Structures are given as structure tokens and as C-alpha cells.
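J.: structure for the following, please:
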Amino acid sequence: LLIGQSNRMPTLEQPRELHSVHCLVDVASCFTSPFEMLVTSSNNNQYARGWRFDDAGRQAMVTLGRQVGSQSLGCSECVDDGSDPTNVAFTQQETGFRAVVKAKVTNLQLGDDLMVPELTLLADPIHTNTTITTAVVNATATDPCQRFFGMTTILDTLTPDEQSELFTTETPASFRNLRLIHGSCMLIGWGLLLPNGMLVARYFKLHPGTKGAWFKFHRICQPLGLVIATIGWIIALINFDVFQDRDTRFIHGLVGSIVMALGWLQPLNAYLRPHLPSSPDEAKTTKRIVWEHYHRGAGWFCFFCALFVIFLGTFMIPRPTDRLGFQSAFLVCILIMLGNLAFMKSDSKQDLKVFCCTRKVPPPDDADEKEANDDNDGNDNA
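T.: Sure, this is the predicted structure:
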């Protein structure tokens, strides 16, 4: 059965040896997605996508898989050994789920090169290692279709040309493309623009010759990065279901959504900020100090959580080449941040403290910086 891409191996290569019953029936994102029956291809180590089950057929396969698997072999949704009468009918398996089905083709899908014919089951599926004698129709037959249903397997009736027209080793590229777009948006937004905009606001303010440029850079990077990241977030919410399974994908999706929600609150609370005192000799109000702590604290929380989420995401990409590409790009983003930080610390008057809230407004170094502070509340987003 085709059960979806693995993070570590191609689905169509050696499914009997490498893919487990646990992945087929335990992982919600797998057993709720469409099931397909594989057929052998000209490559001995690779199978082709043969037939797609309808929803009823998929559920029947999940039920059979949970009877064939075993909790002692790592399948949490499978029956306990010996606790279910159906267990005596099978040799419990950890990998290599194989079944024989009697079905009719309801749609050949000839108009779509990436779709395979759809099946509707006419009888309950039977696992090929069953020991139930009443299920056997022809005990002397070696072919599972002849043995259990007294019928010729459909592959024996199709010519090689017909098989090549019906079956395929290709998978739809759209899902991969969506994953790449999502990852790219998040990498550009939370891996490049937003963190560097934060670092500039925190550490570049007192760099000699900044002349208020830090605030303009911060004001450009933050909205732009947030919009790009939001595009990636929407793509993920619409197309990826990571909340069904309590695994790395759940953590990636949950923490990522929290970061996005807090990220969108940042421009809102920046707009509602209490203004600075008009004179450097006046102390900041308590509301202003509380706001500064929240704004900066939320920003740094998002900063570190976003890097953690991106790090997890780079290990969730199925294709090794794509995975390596994103990991390399993430490393480049980290190096850019470190380089940016090293430049800003050169001749800077600030240390590397994350928080720096003072009671009084620091006096501007020159007229240009004073204008940035007066017009934009320059300390707001530090």
C-alpha cells in the first residue's frame, strides 16, 4: 500500500522491507489520507502506483492492518497479541503489509497522468498470510487471487503498454511545491527579515553614525517579513494537517502558530504604545516601561521560538536534496545574523544584553537621530 512519503525513504522503494504497519495504521496523517495499492514495476527495487481505494476501501484496509499488526511489534492501534480472535488468523507483522482484494474499477482516471484507477471493494480484503482455511477457495493455487477468490489477477490480463498507461511511478508535484513555498516563506520571514530587523532595533541604535537609520530598517523589515511569513502560514493551515499526530510535526505546527499569532500582535501593540516623555529629563511612565518589557519580551520569544521551529522544519522535508537545501539556507541565515550582529557591535556603545529599559529617554546623538525619536518614538521597537 502507498501510505505517503516517509521522511527518510522513498515510499515506492522496497515497501515490504522498509515500511511498517505502524506507519500505515497509527499515524493519523497517513491512515486518513488516500490509500493506493502498489504493483511491481520493471525496477525490482521499486514499485508503481497501481490502484486507489475509495474511502470505504481505505477504512477496510486500516481495519485489516490493525488486525495483522501487533502492539508488541510497535503498532499502538493494533490488537493485543491473543486478545482478539482475529489474531489467530495471522502471523503478526511489523513490516510488509500485503493484501488481496476483489474489487471493481470505478474510474480509470485516463484524463490525469498523475492519477491511478480507483477501486471499490466487492468483498472484505484478505491478508496474504492468513491461516483461515474457510477463506481459501483453491488450496493448490499459488497466486493469491486464485487462492482466495478463484479469480485471475488483473495484472495477468493487462499488456505492458496498458499497464504503463494505467500505472505510474510519478507522484503529484503540487504537494511538494506547496511544502517548498511554505518553507521558503518562513525562512525568508522568520529566518532572515524579522530577526535581523529585531537585532538592528536592539543593537544598532547607539552605533556611531546610525542617524536613525536603524528605525527605518526595522520599520521596513518587520511588516515585510510578517507578510511573507503569513503567506507561508496560510499555505500550511490550508494544506498540511500536522495537529493529528502528537509528534515533531505537532510541535512544529503548534509553536509556529503561537509565534505567528504573537508576531501579528507586535504591530498592534506598537501602534497602541504609550508615548515617550517630551524631555530627556523626564522619567518614563510606568505604562511605557511595562509596554517596553512586553514588546521586547514578546519579540525575543518569537525570535528564539521561530529559529527552533525552522530548525525542526528542515528535518521534516522528505526529499534528501530538498532537506539539505533548506538546512544549508538556514545556516546561511544564521551566518548573516551573526555577521550583522558583529558589525553592529563594532564601536557600539551597547553590550549584548537582550533587555535594556531605562527610566529616562536617552539623549539623541545628532539632529537626525532626534528626528527619528521625535517622529517615530525611536525607542519603541528596540
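J.: next one: phi and psi at the residue of the chain most remote from its centre?
T.: For the chain, the largest distance from the centre (CA atoms, centre = their mean) belongs to residue 281, which lies 51.3 Å off. Main-chain dihedrals, residue 281, degrees, to the nearest 10: phi -80, psi -10.
J.: ok, it to residue 106 distance?
T.: Per CB to CB, to the nearest Å, residue 281 is found 82 Å from residue 106. Bear in mind the C-beta positions are built from the backbone N, C-alpha and C, glycine included.
J.: same check, this time on residue 39
T.: 18 Å.
J.: residue 253 too?
T.: 35 Å.
J.: kindly report the same for residue 29.
T.: Residue 29 is 25 Å from residue 106, by CB to CB.
J.: between those two, which one's more packed in?
T.: residue 29 (16 against 12; other CB atoms under 10 Å).
J.: quick check: buried residues in the helix or strand harbouring that one?
T.: Using DSSP states H and E, residue 29 falls within helix 28-31. For helix 28-31, the buried set under the neighbour-count rule, 16 or more other CB atoms under 10 Å, comprises 29-31.
J.: which is the next helix or strand following the longest helix along the chain?
T.: In the chain, taking DSSP state H as the definition, the longest helix is helix 286-314. Tracing the chain C-terminally past helix 286-314 and defining elements by DSSP H and E, one meets helix 320-345 next.
J.: now residue 239: closest residue in space that isn't a chain neighbour?
T.: residue 178 (5.1 Å; CB to CB, 6 or more residues apart in numbering).
J.: element containing that neighbour?
T.: Assigned by DSSP H and E, residue 178 belongs to helix 173-188.
J.: what does that helix contact?
T.: With CB atoms under 8 Å, 6 or more residues apart in numbering as the test, helix 173-188 has contacts from 225, 228-229, 231-233, 235-236, 239-240, 256, 309-310, 313-314, 317, 319, 322, 326, 329-330, 333.
J.: that helix - what's its average pLDDT?
T.: The average pLDDT for helix 173-188 rounds to 88.
J.: I'd like the next helix or strand past it.
T.: Sequence order places helix 194-203 as the next helix or strand after helix 173-188, per DSSP H and E.
J.: who are the packing partners of that next one?
T.: helix 213-239, helix 286-314, helix 320-345 (3 or more CB pairs under 8 Å, 6 or more residues apart in numbering; DSSP states H and E).
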